[in-house]
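Engineer: Compute the structure for the input listed below.
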Amino acid sequence: MIKTENLSKSFSGLEVLKNINLTVETGEVVAILGPSGSGKSTLLRMFNGLEELSGGRIQVGGISVDANQSQRERNKQIGKIRLHTGMVFQQFNLYPHKTVLQNVVEALLIVKKIPREKAITLGEKLLKRVGLLEKKDQYPNRLSGGQQQRVAIARALAMEPDLMLFDEPTSALDPELVDEVLAVIKELAHTGMTMVIVTHEMEFAREVADRIIFMADGVVVEEGTSEEFFSRPKTERARKFLKMEEVIN
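Structural biologist: Predicted coordinates:
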């Protein structure tokens, strides 16, 4: 589903990603872990073109974006990738002037040009899936943070993506609201959907991920199965990170 080759990213001359080479297989759930500032979110955002690559190549669902392509060609390829990719951000980014249901069906109506009645049926089905059908006519400001994030997940799923990207989906939530969002993501993981999740929730990553990618200082330091990483980390850097997380949590 995803393959990167010598992928790099710089901001104002500062290299934040350095020759990243990795793959994500179709149907795999991958968690990207690492300390703050390691480049995790930047890498995730590059998977659907929210950050321009500075060097190398990325392939998502067979669609390639290369640093050597013209800007026009890269934009064309990124547009194709986004049609098959859903993303959930730290902040919910819901339209405050639209109801919950309207937020979910907006892209179906505008991007996919689905008839309104069909879009509403699908939107209600997705809201039921995330446990919020009874909130469909309310506005986002009447919802808790956890409920808003579940609406954001339903909105991303409405496009029927082949790949779901989660960028620290619980970091903006109060602690008591985290579990309701993680439960929805766990349910999605069990359906066989390809997912890449940037998270600081260690127990969640251990439970839901097939594979862990551990990053620090803009490079992939270590990767392996969830069991391997949490039980037998190969590098001193990973062992130090896990020890610090145990102290924090």
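
Engineer: For the residue nearest to K112 when sequence neighbours are not counted, the count of nearby residues, please.
Structural biologist: Excluding its sequence neighbours, the residue lying closest to K112 (Cβ to Cβ, 6 or more residues apart in numbering) is M159, at 7.1 Å. All C-beta atoms are positioned from the backbone trio N, CA, C, and that covers glycine. Using other Cβ atoms under 10 Å, M159 has 16 other residues around it.

Engineer: Now do the SS call for M159.
Structural biologist: Three-state assignment for M159 (DSSP: H, G, I helix; E, B strand; the rest coil): coil.

Engineer: ok, it touching L109?
Structural biologist: No: with contact defined as Cβ atoms under 8 Å, M159 does not count as touching L109 (11.8 Å).

Engineer: that older thread, who's in contact with the residue nearest to K112?
Structural biologist: Counting by Cβ atoms under 8 Å, 6 or more residues apart in numbering, M159 makes contact with 83, 86, 107-108, 111-112.

Engineer: Reformat these as JSON lines; add distance to L50 and pLDDT.
Structural biologist: Formatted as JSON lines, the entries for the contacts of M159 read as follows, by distance: Cβ to Cβ, whole Å; pLDDT from 0 to 100:
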{"residue": "L83", "distance to L50": "15", "pLDDT": "88"}
{"residue": "G86", "distance to L50": "13", "pLDDT": "92"}
{"residue": "A107", "distance to L50": "16", "pLDDT": "87"}
{"residue": "L108", "distance to L50": "21", "pLDDT": "88"}
{"residue": "V111", "distance to L50": "17", "pLDDT": "84"}
{"residue": "K112", "distance to L50": "21", "pLDDT": "84"}
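
Engineer: now, which of those residues lie within strands?
Structural biologist: Of those, the ones assigned to strands by DSSP state E are G86.

Engineer: Which among the contacts of M159 count as buried?
Structural biologist: 86, 107-108 (16 or more other Cβ atoms under 10 Å).

Engineer: List just the nearest of those to S231.
Structural biologist: S231 has its nearest neighbour among the buried ones among the contacts of M159 in G86, at 31.4 Å by Cβ to Cβ.

Engineer: Okay, and the beta partners of that closest one?
Structural biologist: M164 (DSSP bridges).

Engineer: what's near enough to touch it?
Structural biologist: 156-157, 159, 161, 163-165.

Engineer: And the residue in the chain sticking out farthest from the centre, which helix or strand is it part of?
Structural biologist: Centroid-distance maximum for the chain: E117 at 29.1 Å, with Cα atoms, centre = their mean. Taking DSSP states H and E as the definition, one finds E117 inside helix 116-129.

Engineer: okay, and the helix or strand of this protein with the least pLDDT?
Structural biologist: helix 236-248 (a mean of 80; mean pLDDT, DSSP states H and E).

Engineer: Return the set of buried residues in it.
Structural biologist: 237-238, 241-242.

Engineer: and what of stretch 175-190?
Structural biologist: For stretch 175-190, by 16+ other Cβ under 10 Å, it's 177-178, 180-182, 184-185, 188-189.

Engineer: can you map out the strands along this structure?
Structural biologist: 2-11, 14-24, 29-33, 55-60, 63-66, 85-88, 163-167, 194-198, 211-216, 219-225.

Engineer: would you turn those strands into CSV with distance to G123?
Structural biologist: Shown next, in CSV, are those (distance: least, Cβ to Cβ, whole Å):
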stretch, distance to G123
strand 2-11, 28
strand 14-24, 28
strand 29-33, 25
strand 55-60, 26
strand 63-66, 27
strand 85-88, 14
strand 163-167, 17
strand 194-198, 21
strand 211-216, 32
strand 219-225, 37
